[in-house]
Structures are given as C-alpha cells and as structure tokens.
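[1] sharing a model prediction with you, sequence too.
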Amino acid sequence: MIETVIRKRIEILADTPLVRRVTDAIDRASITGWTVLPVQSGSGREGAWREERVLGTDKSLILTIASQDKAAVLAESLAPILSSHSLLLTMWDVEVIRGERF
Amino acid sequence: MIETVIRKRIEILADTPLVRRVTDAIDRASITGWTVLPVQSGSGREGAWREERVLGTDKSLILTIASQDKAAVLAESLAPILSSHSLLLTMWDVEVIRGERF
Amino acid sequence: MIETVIRKRIEILADTPLVRRVTDAIDRASITGWTVLPVQSGSGREGAWREERVLGTDKSLILTIASQDKAAVLAESLAPILSSHSLLLTMWDVEVIRGERF
Amino acid sequence: MAMDAAILHTFTSPVVLFFVLGLLAAFVRSDLAIPEALAKGMSLYLMAAIGMKGGVAVAESGFSSTIAIVLLAGFAASFLLPFTAYAVLKGFGRLDRINAGAVAAHYGSVSVVTYVTATEILGLSGIPPAGYMVAVLAAMETPAILSGLMLAKGLKSDSGNERSEMLREVFLNASVVLLLGSFVIGLIAGPSGFSEVSPFFAAGFKGVLCLFLLDMGLIAARRIMMTKSLTWRLSAIAIGLPLVNGMIGVLAGTAIGLDVGSAAGFGVLCASASYIAVPAAMRMALPEADPGLYLTMSLSITFPFNILVNIGLITSVAVALAGPGGIVP
Amino acid sequence: MAMDAAILHTFTSPVVLFFVLGLLAAFVRSDLAIPEALAKGMSLYLMAAIGMKGGVAVAESGFSSTIAIVLLAGFAASFLLPFTAYAVLKGFGRLDRINAGAVAAHYGSVSVVTYVTATEILGLSGIPPAGYMVAVLAAMETPAILSGLMLAKGLKSDSGNERSEMLREVFLNASVVLLLGSFVIGLIAGPSGFSEVSPFFAAGFKGVLCLFLLDMGLIAARRIMMTKSLTWRLSAIAIGLPLVNGMIGVLAGTAIGLDVGSAAGFGVLCASASYIAVPAAMRMALPEADPGLYLTMSLSITFPFNILVNIGLITSVAVALAGPGGIVP
Amino acid sequence: MAMDAAILHTFTSPVVLFFVLGLLAAFVRSDLAIPEALAKGMSLYLMAAIGMKGGVAVAESGFSSTIAIVLLAGFAASFLLPFTAYAVLKGFGRLDRINAGAVAAHYGSVSVVTYVTATEILGLSGIPPAGYMVAVLAAMETPAILSGLMLAKGLKSDSGNERSEMLREVFLNASVVLLLGSFVIGLIAGPSGFSEVSPFFAAGFKGVLCLFLLDMGLIAARRIMMTKSLTWRLSAIAIGLPLVNGMIGVLAGTAIGLDVGSAAGFGVLCASASYIAVPAAMRMALPEADPGLYLTMSLSITFPFNILVNIGLITSVAVALAGPGGIVP
Ligand SMILES: Nc1ncnc2c1ncn2[C@@H]1O[C@H](COP(=O)(O)O)[C@@H](O)[C@H]1O
Ligand SMILES: Nc1ncnc2c1ncn2[C@@H]1O[C@H](COP(=O)(O)O)[C@@H](O)[C@H]1O
Ligand SMILES: Nc1ncnc2c1ncn2[C@@H]1O[C@H](COP(=O)(O)O)[C@@H](O)[C@H]1O
Ligand code: NA
Ligand code: NA
Ligand code: NA
C-alpha cells in the first residue's frame, strides 16, 4: 500500500478582484502553492448572481493544500475579513502522497 | 486558535439544464446559498462526453454548505431523482469559520 | 433517513495535455467514471502560471469517486509519475447515496 | 445540370470543406478543438444573423398569403413528423417509449445550421430561399418537442404547474427567442437599418459558418467514436428519416406554390434534425432518455448526411419538380 | 425636428433594438445567454476600437486648446459629481456612508458602452462627437473612484502602502489602459495605419455593439429581477441623477464652446454611470459595500434609461442650445 | 532604404503597437487580460486564415520545383537546428540533457504568429512572401519535436507502443492539422471559393492579429516577471539563436533561389521559436522538463525580439542579398 499523510485542504470562495489578496495571504503563511478555479454563478444572503464576468464582479474558488499548522495560520489571518469581504472558507482533512511537499 | 464548527459540504454534478431544479431544492431546504462551477468533460456508465456546451447538454457542479440537518433534508429530497436524472451527489464534513451563517 | 455509504473521492490536478494519461489510469483501475473541471491559474514550487490555455500548457482538475480498493489501485498506479509529471493528488472519504454504482 | 451544380457546389464550398476537415481531424484523433464559449457564441451569431436577414427580406417583400400558409405547413410538419418517426423508432428501431419519443422530437424539429448551410448552397446555385423561410424555421423548432413529449409520456403525467413551467421553457428557449427577436429587429430596422450592421452580420457570415462547421464536424465525429448506444437499425433510421422527410417537405413546399429555392428550403427543414435546442429540452423534460441515442443519431449521422448528401438531393428534386420554367420564376 | 430624429433613430437602430430584445428575453425568463468570455471579449474590442478611432481622429485634426479644456472639464466633472450624488444618496436615498460613497463613485465615472451607443445615435443624426472625446471618456473613468472612496472612508483610513497599491490598481485598470493605449496607437498609426485594420475595428463595430447590448439587456433585466436591495427612493435617484448630470454636462460642454455633437457627448458622459471598471474597483477597495446596490442602480436602471430615453433628450437639448446655426458648425 | 522602411513599418503598424501595449500593460501590472477562450479562438482563426490564403495562392500560381525544394529545406532546417541549439544550451547555457533537448525543440520549430506578423511587415514593404511558404511553415512545426526528444531521451527509451502514440499526437497536433487542412481547403476552393469567405478570413485578419498580439504581449511580459528559472546565459541564448538561425535561413532561402520576400520569410521561420504547439507536446512527452525554462525563453525573450527587431533585420539582409534588381523580381 502506498503511504499517505494527512494534510488540510482549504477552499476559499472570493470575489475575483480579491483573489490576489487571498493568494498573498497563502504565500505569507508560507504554504507551497495554490490553485484557482472559475465559478459560474451563486446565491447567498445578498441575493443571487450570474454572468458577472463582464462586469468584473464574478467569483473564483481558491484551493490550497497545507499542513495543519500552516492551515491554522492562514485561517487566522483571513478570519478578520471573512465577513466584511464575503469570503466563504471551508477546510477538511485529506490524504496526500509524498506529503513532505506541503 | 480560531474557532471552527463542523458543517456538511454537498456537491452535486448535474446536467446544466437541470441546475435550476437542484438549486430550487437547495432553496426549499432553506440552505443559505449555493455556488455553481463549470465542468469540462466526463465519463460514466453512459459513455464519455466533452464539448457539449454548444449543444446545451453539458454538466455543472453545484456546491452547497449546510448544517447536518438541512443537508439530510436536501439529500432526502434529491434521492428519488438521483438515478433517473443522472445526478452524482457526494457529501462530507468540513470545518467552517463563523458557522452560524449556515 | 436516507442510507449512504462511504467512498473515496480522489482529485488530481494535472497539466491539460496529461489528462488523457490520468483518465486512462482511472479506466484501467476499473472505476466507473470521472469528471474534468477547468482550472484558471496557480502557483507552486516551479513558480506561478496563468493564462496558459492558448499555449496549451494549462491545468485541469480530474475528480473521481471510487471504492476504497479501487482508489488504492489508482493511487498506486499514479504514484510513480506524481513527482515527475507535477501531479497533485488528494483523496478523502465522502458519503454517497446508492453506493453500489461506484 | 442543377443537380450536378448543387453537388459540385457542396464539395468546393469552403463551408462544407471545413466540416469535412472537422470530421477527418476527429477521426484521426487530433486534439484540434474550438473553445466551447466561442462555439456557443458562433451559434448565437448565426441565429441572430439569419433572423435579421429574414426580417429585412420580409420588410422588403411585404407579407403575403403564401407566408401564412407555409408557416402553418411548418407548424404542422414539426408537430406531425414525430409521429411517424416514433412508430419507426419503436418498431424497426426497437427503442422503448421514452427513448423513441425523445428521438422523434429531434426529427420533427429543425437544425438551424443545416438550414443555413442549405441557403449557402442554394444561393450558389442561384436559387436562394425566400426571407420568410426564417420565420418558418423558428416556427418549426418547438411543436415537435410537444409531440415528442406526448408520445413519450402520454397526455396526463406531469402536474399542471410543472407542465406550464416546461411549456414556458420550451417556447422561450434561447434559439426561438433569438431567431424570432432578430427577425422582428430585421423587420423594424429594414434594409437601411440593416446596412449599418451588415459588415458584421452579412459579410462575416460565411466565414463564421466555416469555423462553426469545423467544430460541428469535430464534435459529431468524436461522439460517434465514443458512443455505446448505437445499433445498425438506428443508424439506418438516422439516414432513412431525413431522406423521407426531405421528400415530403419538398413535395409539400412545391404543392403550396413556393418558389423552387423555398421549396428546397422547406424540404431541408423537414429533413433536418435538431441537435441544439431539443437535446437541452429533453435533458430537462425527459432526463430518463439516453442522450447517447438522440445526440448521436441527430448530430453524428443525420447532420453529416444532410450536409454532404441530402441538401444536394433535395435541391435536385425541387428543381426537377419546378420544371424547366421553375428556376427563373 | 432633431429631437424627433434622435428619438426615431433610437428606436429603429438595430443596436438599441437588440438591447430591448435582451431586456424582454430576460423578463420572460428565457435561457438566452451570451458566453461570458465572449461578452468580456466584446467589451475589450469595443474599447480598443473606440480608442483607436479617437486617436486617428485627433491625428487628423491635430491638437487644440479646446481639447485641453474639455479634458480638464471631464476630470473635474468626474471628481465632483460624486459629491452631489453622495449627498442625495445619504439624504434622500437613506444609504449609509460606505454604500453612498460606493454608489456615488459609479455616477461620477462613465459607461463606455453608453457613450459608444450615443456616438452611433449622434452619428445617425449627422452630429457625431469629435474624436478627442474618447480621451475625455478615458479621463473621466477614475477620478470618481477617488472621490467616492474619500467620501466612503474619509482621508485617513488606509495605510500608505495599501493606499498607493490601490491607486495603482485604479489608475491602471483594464479599461483605462486599453482606451488610452488604443488612443495612442491610433495617434501613431494615423489614418493610413488604421486603414489596414479598419475592416475589423470600424466595419464590424456596430454589429459587435448589437450583440454586446443584447447581453447587457439580459444581464440588466436579470439583475433587477434577482435584487433584494432596491428601494423606490434609490430607483428614483437612479433616474434623477443621469437626468441632472446630463443637463449639467451638456450646458458645460456648450459653454466651453464644443460643437453640438461633442457637447451632447459630454452630456452623455456625465449622465452615464459605470458598471464595468468601478464595480470591480469597489469589490477591491470597499468590499463592505453591497454590490447589489450599485450594480442594480447603475446597470439595471440608469443604463437602460440612458440608452432608451436620456441620449435622445440630451441630444435635443444640445441641438436647442446650439441654435439654428449650430448644427452645421 | 528597405531597412529603414521595414523598421519604420514595424513601429507604426498597429499590429506591432498592440504587442507593445500588451508588454507595457503587463509591466505596469495592469489587470488587462483577454479571455482565454477568445485568445485560443483567435489563434485558431489566424491559422485557418493563413492556411487558406496559402492554399489559394498556390491554386493560382500552380506547383513548381521551387516548392518541393523549399519544403525539403524547411523539413531539414526544423530537424537539424535543434542539434546546434542543444549543444549551445548544454555547453554555454549549462542546462541538463532533458531541459536542453526540450528547449532545443522549440527553436527548431516555428511560431505561426511570428511568421504572420512578418508577412504583414513584408507586405507593407512591398515584398510579401509566396503563398506556398505556408506549407513550409506547417512542415517545420514537427520535425524539431522529434529531434528534441531524441536529444533529450536518446533513441531507445520509450516502449514501441508509447512511442507510436506519441508520434501520432505530435504529427496530428491541432496547429498542423488546421494549417494543412486549411491549406488544402484553399487549394480546392481556389480564388472563387475563397472570395465567399474573404470578408471574414482576409479583411478581418489584421485586426484579429492586433488583439492576439496584445494578448501575447501581456502573457510574455507577465511570464518573465513571474519566472524563477531564467539566467543571463539563457537570456543571451534566447537572443543569439534567433539571430544566427535567421541569418542561416535567409542565406539558405536566397541560395535556393527564392524571391526576396520568401527568402526573408524562410529566415523568419528559422529564427522563430514555437510557443504553442511544442510546449504542449513537451508537457506530454517530456513532463520532467521545466516549462518555466522553455516558455520563458521562447515566448518572453525570443518572440518579442523577433517581432520588434529581428524581422526588420532579416528583411534588410534579404533585400541586400537580392541586390538592386532583387526587389522587383
Ligand atoms: N499546496 C498547494 N495547494 C494547491 N495547489 C498547489 C499546491 N502546490 C502546487 N499546487 C498546484 O500545482 C501546480 C504545480 O505545482 P508545482 O509542481 O509545485 O509547481 C501549481 O501551479 C499549482 O496550481
Ligand atoms: N451555503 C452556501 N453554500 C455554498 N455557497 C454559498 C453558500 N452561501 C453563500 N455561498 C456563495 O457565497 C456567495 C456570497 O454569499 P453571501 O455573502 O451570503 O451573499 C454566494 O453568492 C454564493 O456563491
Ligand atoms: N465514479 C465517478 N467519478 C466521478 N464522476 C463520475 C463518476 N461516474 C460518473 N461520473 C460523472 O457523471 C456523469 C454521468 O455518469 P453516468 O450517469 O454514469 O453516465 C459522467 O459523465 C461523469 O461526468
Ligand atoms: Na425536421
Ligand atoms: Na457620469
Ligand atoms: Na525556428
């Protein structure tokens, strides 16, 4: 059986103009990397949105894999702006192979 | 350490023309929101597909964060059409910050 | 309460030109299916990338749901090329409805 | 002569040649692919352009009783053709009720791109269809969806609420709205208003059609290579139906008194099978039906057959029916 | 007469008719939608084209003191108009400071597409604005963002570093860079260099504008149907502001001595509200503000009002102000 | 004179100016970006258009022995140039075997957009390359991939099955299929068939090229700002190789007896480095190689150098070699 280790997977949904702010926070937490996925539409307390790419107000999903410690640092650093900036953060444990990378 | 609570994350893969039916079910389960991600191609028991956006038969991924109870309500309400409508539903526990939102 | 079973969800981030190699491995592990999501940009040990679709060197996210056993087979078969091909693999347990499909 | 000309025009037209290139590229498993957003955009462009051109043509020619008659004929054909298709699909094709109804809906409805390609080929042969045929095209999109659903589900099934919602979605689907909307815009703007935008909507048209058909060739060929559902019986139906429906259409068009180009156009509309509006409607209204069936039949067999063979055939028949004096009406 | 002409041109122009089609299609809940990548691409195309055309026009006409004066006037209008808007939004509109500042920024800044549509309508009326007005358009994009932020946050708030980063992002946002860059390219390339690319940038322009306005109609109508934040007071402001700002602009433009088309153009710039550059800037700099407010007001109310009514109004006023001899300057 | 003209045309052509705008916008960190689907679509459009135009030109001029000779020369150049590149990259550049082979493949292959830009500049100077050069362009895409892989891996490595699959993918990659396919379509359709679609494929060409080069400027500059792998030695090679290869190409082209425009075109092909087909092939066949190296060198250094400097240089040399009578052959 291949050996795996446990890491945190963190996914953050953010307004596309705020992606840089989130990835900067990831870099500052000295996490090795991140990946951004496109998002099409959504709905929340502030109503539904779709087709906002042309307006520049659409959203993106940022995912990053990190050790428990670094994940905590990242969560801590984003916590103050989660509400004000309408960020949505979820995290959970995942198995990764060759975990020394993260 | 920042305080987190456990919520369910539910992801549903559906034909794009059926997304409205799924998000209506989410709204009916009185979950606060949902987010739709684009999908590019796939393969299943019914064969592989790709490049179907122009035909209008492509797929989308709907993700929603909810409390255990509401997640169960949603799963229950979608269960009858999962097979007939070729929906793919997975759910798991995630940590969220400021969980009172969900 | 609806009955659910536990399966593995595996997500693999790969260069788009290598997606076929990954999905072939999934098919060889006799997993029933897979789904490919687009990716926009990212950053890792080899630096950041974005806007590489026109160059043909962008990345994609392949997700697949499988039983514990088949997931292990897949992980085993991809392990040798994870580093050389810059693949990123994470997996975790999810609940699915009508698990006999997978 | 006209037949040879139509066939010759088919195979030297860049429009058709790009379609063939797409088929070949997919068959040799090249990774050539048009971005989906662009393909979708091109299909919207083609609908807006054909709609406007039709509206402008009617603004110039005025309304006539012929228009009312051919609109009615189109409506009737779209609603009725699924019934014979259903019988053949259930009998000879061995499909169950749901799948037979879903496939039948596709053959009653129309393919905008098949019609557009036919107008190019008919134009090259000097017998373009009349502008009002675009309204017929729009009229033929949806009735078939209703008869297909009736055949698949019977009349009672859905709750009234769900049914009315479904009807709304069917009648206001993107292509109907865009085709009819652009048609009305063309009517209002008229030739002078259209001249402002004609470098975009008229001059660019055939080039966009080339790239779109390249993409359709790629998608059609890849789908048939990946399909798991096709039988020889269904393949035969996917060629037989457009042949028969095309003949019915061209005869009916000539009987109604259409000019030779419009009669051929009506034949092509009857022969063509939808692969854009109807599949999406079926995913919504008949999710239990197998998209592998209806998409492969309409897109991968009937569509290439119509483009490469049947448009030429239908044109020849229309010309023959029109007789010696028919071509220069 | 000029007024009737402008209004008539508004409602028979395919450009405006496609916008109306988009509004209607969304209101009946059709699923018609333009792919986002394409819509974004069309907006970039429109900016590049209008920028180049402006640059070429200035290359032909040369610089003059009028250009310097109207550039200054544009700068001043963009910076100052948010102050009155803010007062109205806080007072009559009952918004808090943050939201009032965010909305005010939109009304000081400009909408490229509103201006472009106005140039089409003015062109049809025979009084196109001067080419240098494109530079004014670019100049008016950002000052309003600064005053809006000042109003919302006061002068002290951000750390110096964050502030300078924010200023960089505001002044180098995509539309400013593309508009000014293309303007300079037009200046350098001149009429002969432009002639190489004019089939793409000039001939295709109105057609692209049609499809883009179709999309904007869809988005504007869908947004107002989904909004939760709009009140009747805010709706009234979203119509009152462009009316008042438009009159201020047309008066100022005439006072400065602009020709009638440019004075009308200046009025339209003052009347228009941004819904592309500014919302993205506000998501970044004022994430606490409610996008449901500023997008719905500027895109779903002010924008259609300007396209369908206000451009015609402003044109008539400009013509009236210019007097009998003004039209043929 | 011709040199001055070529350089002047370089810097007043909107095509090149948009490239410079892209570079500048990225360097000041503007968020300007062309949607990826659109950029991809534009690159396909450019290949289809250049392919068709080449085919039409050959349909007009007929085949000649020169075409066979220059095709062979192109094949040979593409296969052989990676060998010298490899030696320099391993020796002076200090790369390991894998990376040296991967980079070398890029320099033997060609950049379609560099060639297309050169044809615009050569056309403005009155010496357009012959239509058959498009076939040479297509012929030069893949041989370099083979020699690069041989250099990186030796001859034995892969299993037979994997190797043949890889060869299929290399020879049927999207750009080769589209270039050659459109070339053949141009041949078959000829001038009359092409005239139908020329408003799209010919008239729009330069404008699309403008926007595409804007995007390439943005991507090239952003990449060099984000790179971690570049050394001064590699930067020097990324300028030295196109200089030397360009001279080899223009000499060989003149020696073969090509007209001055085609000789310059052949020089540009040899000088150009691939950044579309080859990187994707390398991700597949040599995933261990660092894309940060080959993309940054070919796209961020060689490509701008060729567009801004080397095309002008090569043109001057071709003109000088042709002698006084060479320009009007
Ligand atoms: N820790 C991480 N979390 C999420 N994505 C990552 C992470 N590390 C790397 N990636 C992604 O994987 C790609 C390749 O990583 P690398 O091989 O480290 O350059 C990056 O460009 C990112 O898109
Ligand atoms: N419960 C949820 N599950 C998934 N996505 C959500 C949820 N709530 C909000 N979102 C997403 O977050 C965005 C902003 O939410 P809000 O700040 O509540 O308006 C929404 O537009 C959705 O895309
Ligand atoms: N095991 C799986 N893992 C991930 N995606 C799947 C799996 N099975 C099916 N899918 C996705 O669901 C779609 C429909 O599956 P099916 O109904 O089995 O044809 C496929 O086209 C895939 O996109
Ligand atoms: Na039909
Ligand atoms: Na304004
Ligand atoms: Na080369």
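    Done, it's in. Ligands and ions are numbered 1, 2, ... in the order given.

[2] can you tell me the element the closest residue to residue D:213 other than its chain neighbours falls in?
    The shortest distance from residue D:213 to any non-neighbouring residue, by C-beta to C-beta, 6 or more residues apart in numbering or on different chains, is to residue D:19 (3.9 Å). Every C-beta, even on glycine, is put in place using the N, C-alpha and C of the backbone. Secondary-structure assignment from DSSP states H and E places residue D:19 in helix D:14-27.

[3] just want the angle from the next helix-or-strand element following that helix to helix E:14-27.
    Beyond helix D:14-27 on the C-terminal side, the first helix or strand identified by DSSP H and E is helix D:36-61. Between the direction of helix D:36-61 and that of helix E:14-27, the angle (axes from the mean of the first three to the mean of the last three C-alpha atoms, to 10 degrees) works out to 120 degrees.

[4] run the angle between the helix or strand following helix D:36-61 and helix D:36-61 for me.
    The C-terminal neighbour of helix D:36-61 among helices and strands, as given by DSSP H and E, is helix D:65-90. Calculated by the same axes, to 10 degrees, helix D:65-90 forms an angle of 140 degrees with helix D:36-61.

[5] next, give phi and psi for the closest residue in space to residue D:296 that isn't next to it in sequence.
    The spatial neighbour of residue D:296 that comes closest, neighbours along the chain excluded (C-beta to C-beta, 6+ apart), is residue D:227 at 4.6 Å. Backbone dihedrals for residue D:227, given as degrees, to the nearest 10, come out at phi -70, psi 150.

[6] quick one: residues contacting residue D:227.
    In this structure, residue D:227 makes contact with B:47, D:292, D:296, D:300, judged by C-beta atoms under 8 Å, 6 or more residues apart in numbering or on different chains.

[7] sec struct for the closest residue to the second one other than its chain neighbours, please.
    This points to residue D:292. Take residue D:292 and drop its neighbours on the chain: the residue closest to it by C-beta to C-beta, 6+ apart is residue D:229, 4.0 Å away. In three-state terms, and counting by DSSP: H, G, I helix; E, B strand; the rest coil, residue D:229 is coil.

[8] and residue D:229, what's its pLDDT?
    Residue D:229 carries a pLDDT value of 83.

[9] what about it, how many residues nearby?
    Residue D:229 has 17 neighbours, counted by other C-beta atoms under 10 Å in any protein chain shown.

[10] now do it against ligand 4, distance only.
    According to C-beta to the ion, to the nearest Å, residue D:229 and ligand 4 sit 21 Å apart.

[11] and the residue nearest to residue D:296, how close does it get to residue D:300?
    7 Å (C-beta to C-beta, to the nearest Å).

[12] and the top helix by length along chain A, average pLDDT?
    Among the elements of chain A assigned as helix by DSSP state H, the one spanning the most residues is helix A:68-82. This predicted structure assigns helix A:68-82 an average pLDDT of 95.

[13] need the next SSE after it, C-terminal direction.
    Helices and strands here follow DSSP H and E; after helix A:68-82, the next one along the chain is strand A:88-97.

[14] those residues of the stretch 51-200 of chain D touching chain F, which are they?
    Selection of the stretch 51-200 of chain D residues close to chain F by C-beta under 8 Å from any C-beta of the partner chain yields D:120, D:199.

[15] thinking again about what came up before, tell me the buried residues in the helix holding residue D:19?
    Of the residues in helix D:14-27, those buried by neighbour count under the rule 16 or more other C-beta atoms under 10 Å in any protein chain shown are D:14-23, D:25-26.

[16] and the residue nearest to residue D:292, its phi and psi?
    In terms of degrees, to the nearest 10, the main-chain angles of residue D:229 are phi -100, psi -10.

[17] stretch A:42-54 vs chain D: in contact?
    No - contact check for stretch A:42-54 against chain D, using C-beta under 8 Å from any C-beta: none in range, with a minimum separation of 10.4 Å.

[18] quick revisit: quick one, which of the contacts of residue D:227 are buried?
    Members of the contacts of residue D:227 that pass the buried threshold by neighbour count (16+ other C-beta under 10 Å) are listed as B:47, D:292, D:296, D:300.

[19] of those residues, which belong to helices?
    Members of the buried ones among the contacts of residue D:227 lying in helices (criterion: DSSP H): residue D:292.

[20] reformat the buried ones among the contacts of residue D:227 into JSON lines and put distance to residue F:81 and pLDDT next to each item.
    Listed next are the buried ones among the contacts of residue D:227 as JSON lines, based on distance: C-beta to C-beta, whole Å; pLDDT from 0 to 100:
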{"residue": "B:47", "distance to residue F:81": "44", "pLDDT": "85"}
{"residue": "D:292", "distance to residue F:81": "47", "pLDDT": "90"}
{"residue": "D:296", "distance to residue F:81": "46", "pLDDT": "96"}
{"residue": "D:300", "distance to residue F:81": "42", "pLDDT": "97"}
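
[21] okay, the longest helix of chain A in PDB with CA atoms only?
    Only the C-alpha atoms of helix A:68-82 are listed here, as PDB (Å, rounded to 0.1, in the frame of the first residue of the first chain):
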ATOM      1  CA  GLN A  68      -2.400  21.600   9.900                       C
ATOM      2  CA  ASP A  69      -0.200  24.400  11.300                       C
ATOM      3  CA  LYS A  70       0.000  26.500   8.200                       C
ATOM      4  CA  ALA A  71      -3.700  26.000   7.600                       C
ATOM      5  CA  ALA A  72      -4.400  27.400  11.000                       C
ATOM      6  CA  VAL A  73      -2.100  30.400  10.300                       C
ATOM      7  CA  LEU A  74      -4.000  31.000   7.100                       C
ATOM      8  CA  ALA A  75      -7.400  30.700   8.700                       C
ATOM      9  CA  GLU A  76      -6.400  33.000  11.500                       C
ATOM     10  CA  SER A  77      -5.100  35.600   9.000                       C
ATOM     11  CA  LEU A  78      -8.200  35.500   6.900                       C
ATOM     12  CA  ALA A  79     -10.700  35.400   9.700                       C
ATOM     13  CA  PRO A  80     -11.000  39.200  10.300                       C
ATOM     14  CA  ILE A  81     -12.000  39.800   6.700                       C
ATOM     15  CA  LEU A  82     -14.200  36.800   6.100                       C
END
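
[22] and the contacts of that helix?
    Taking contacts as C-beta under 8 Å, 6+ apart, the residues outside helix A:68-82 that touch it are A:6-8, A:10, A:12, A:21-22, A:25-26, A:28-31, A:64, A:66, A:87-89, A:91, B:1-2, B:4, B:97-98, E:287.

[23] which ones among those map onto helices?
    Where those overlap with helices, as defined by DSSP H, the overlap consists of A:21-22, A:25-26, A:28.

[24] look up how far residue A:102 lies from residue D:108.
    57 Å.

[25] repeat for residue A:34
    As for residue A:34, its distance to residue A:102 is 11 Å (criterion: C-beta to C-beta).

[26] before we move on, back to that, and the furthest pair within the buried ones among the contacts of residue D:227?
    Every pair in the buried ones among the contacts of residue D:227 was compared (C-beta to C-beta); the two farthest apart turn out to be B:47 and D:300, at 12.4 Å.

[27] ok, how many other residues are close to the nearest residue to residue D:280 once chain neighbours are set aside?
    Ranked by C-beta to C-beta, 6+ apart and with sequence neighbours excluded, the top spatial neighbour of residue D:280 is residue B:56, at 3.1 Å. By other C-beta under 10 Å, the residues close to residue B:56 number 25.

[28] got the contact list for residue B:56?
    Residue B:56 makes contacts with B:16-17, D:276-277, D:279-280, D:283, as judged by C-beta under 8 Å, 6+ apart.
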